[in-house]
Structure formats: C-alpha cells, structure tokens
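Asker: this one's sequence-less:
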C-alpha cells in the first residue's frame, strides 16, 4: 500500500508540474511577503538615519533616530519566520491556497480522469489518499518556500540584526511554522471539498472566496449576540485569532511600540460589543482545537466526496 501511494504521489507531480500554477503560486506567495519587507526595511533605514522628510508642519514619525535592533525587530531570524508566514496568511495568501485546492481536484473531475481511476476499485482508495498527500506536500512546501525566501533575502540586506543560525532552534518558531501549514491545509481542503461536491472549479473558487468575504463582512459589522459568538468560532476568524496569538508580545494591540516598522497585524481581530471594539480571541488551546476540527472536517469531505464521485 505504501509503495502504491508513493507512486501515485509521483504521478500527481508529473501531472501538475506542467501546469503554470505549480510555479506561479509559490512565487506569488513569496512576493506577497517580500514586498512589505522591502518597504519596511527602507522605512527603518530612513528613520534610523533621520533622513525622513515630511510635509511642512507634520510631526516626525515615532522611532525617528531609533536603533536598528528595535526598528527591525521582526527581521531577526528568530522572529522573521513567524512574521512572514503570518503576513502571507493574514492577507491575500488565502486566495492562493483556495485556488490550489480548487484546481488540484478540478482537473480530474472536468476531464473524466476520476472515472478511469475508479475502474481500478481496489486501488482507488490509494489513489484518493495519494492525491491528498501530494496536495499536502505541495501546500506545506509553499509555506516553507516563502519563509525560507524571506530569511534568505535578509542576507542581502545590510545591518539587519539577529542573523544567527541558532535562532532556528527555538521551539516556538517551529510551532508557529506548523501552525501556518495547518492553516494553509484548511483553506486548500476547503476549496477542494467544494470542488469535489460541485464538480466545478470556477464554482469552488467563487464560493470559497465569497465565504471568506462574507464572514469578514459579518464579523466586521455584526453587533448581535450570535454574530459575536460566530466571531469567535468560525474558520476565518479562528485563523485570524491564531495569527494574532502567535505574537508573544501581542503587537496587534494598542500597547505595541509604534517604532517597530514592520509587523503583520491580522486586520480583523476585534468586533463591536456594547459600542466598544473588543478582541474576540479565545484561548490558544481552544483555537487549536477549532482549527483541527475544521481541518479534519474539510479533509473528510474531500476524501469521501472524491471516492463517492468515483463510484458514480
């Protein structure tokens, strides 16, 4: 069985490596992270050297003349993987993983390859899990590629503090990396599940993207009790809360040093409650449980749905 699954994984990569998304998605994800880093680095140097020029009468920005070890706090190798991974998943990076999940299974459903695979029957379950594992490896590889690319880029930026290899030995760094991979799995399988159930890649992309937009809109403007409850437990807000929680100094709150020039601030970590903006973070352990439940549910829908489509 193990060898069968390995052969299927290899066949999957032989199939998708000729598709443009196989290369474009990781490179686009890296750009989503690198561009903010470069802008923040340039701004930090401007503050440090006091070369900032503002409009007449404008106040100088916080951190003017500060030391680079403070201004580039999140550029340190012990912090950069945490910030870069969250920077991808707190923004448009989610759409990339939704697309990957939709296209990975959409090809089989559109061209009829699933019917040919289903003829094997005994091997079909191996084929299903092989496709799932291949998708997981690609998704995890994309996250690792982005984090590694961000770290490698700082090698070519002078005066970046904290470039020490021993920084990668911190357990918190690896915990956060595995957490980001799990979140990427969630959105990939979320779109894949819709693709399998609807037999349509465009429908899957539209539905999954609209889900995220609708959830964000609901949580941003909701005021009723049930909306506040949903703000704590729905998939998108669970991921946003986890992204906020991984910052041990809670840099997304008001007491953050304003002179840290680059930090990923999950855009929606608060909701309106009794007229006040209130954080809707649950405990970290409960957030992890919710993430695991959503991930397993999406995975089971993909596996069972693909198997069901094959039996049809």
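Answerer: The structure has been received and is ready for your questions. Because the structure is a prediction, the values reported are computed rather than measured.

Asker: burial count for residue 64?
Answerer: When neighbours are defined as other Cβ atoms under 10 Å, residue 64 has 16 of them. Placement of C-beta: from N, CA and C, glycine included.

Asker: which secondary structure element contains it?
Answerer: Assigned by DSSP states H and E, residue 64 belongs to no helix or strand.

Asker: Repeat that for residue 3.
Answerer: Under the criterion of DSSP H and E, residue 3 resides in helix 2-16.

Asker: which of the residues in that helix are buried?
Answerer: 5, 8, 9, 12, 15, 16 (16 or more other Cβ atoms under 10 Å).

Asker: same deal with stretch 235-250?
Answerer: Neighbour-count burial for stretch 235-250 [16+ other Cβ under 10 Å]: 235-247.

Asker: taking those residues one by one, which sit in helices?
Answerer: 235, 236, 237, 238, 239, 240, 241, 242, 243, 244, 245 (DSSP state H).

Asker: Next, count neighbours for the closest residue to the second one other than its chain neighbours.
Answerer: The shortest distance from residue 236 to any non-neighbouring residue, by Cβ to Cβ, 6 or more residues apart in numbering, is to residue 215 (4.5 Å). Burial measure for residue 215: 18 neighbouring residues, criterion other Cβ under 10 Å.

Asker: wait, what's in contact with residue 11?
Answerer: Residue 11 makes contact with residue 130, according to Cβ atoms under 8 Å, 6 or more residues apart in numbering.

Asker: What distance do you get for it to residue 189?
Answerer: With distances taken as Cβ to Cβ, to the nearest Å, residue 11 is found 20 Å from residue 189.

Asker: same thing with residue 8?
Answerer: Taking Cβ to Cβ, one finds residue 8 at 18 Å from residue 189.

Asker: Can you pull out the low-pLDDT segments for this structure?
Answerer: 1, 108-122, 219-225, 228, 231, 247-281, 310-312 (pLDDT under 70).

Asker: before we move on, back to that, from the buried residues of stretch 235-250, which is closest to residue 36?
Answerer: When these are ranked by distance to residue 36 (Cβ to Cβ), residue 243 comes first, at 14.8 Å.

Asker: Helices of this structure, start to end?
Answerer: 2-16, 21-48, 68-71, 80-89, 93-111, 113-118, 124-154, 171-198, 201-221, 225-233, 235-245, 284-311.

Asker: In the third one, which of the residues would be classed as buried?
Answerer: Read that as helix 68-71. For helix 68-71, by 16+ other Cβ under 10 Å, it's 68, 70, 71.

Asker: can you check the second one too?
Answerer: By neighbour count, with 16+ other Cβ under 10 Å as the criterion, the buried positions of helix 21-48 are 25-26, 28-30, 32-34, 36-37, 40-41, 43-48.
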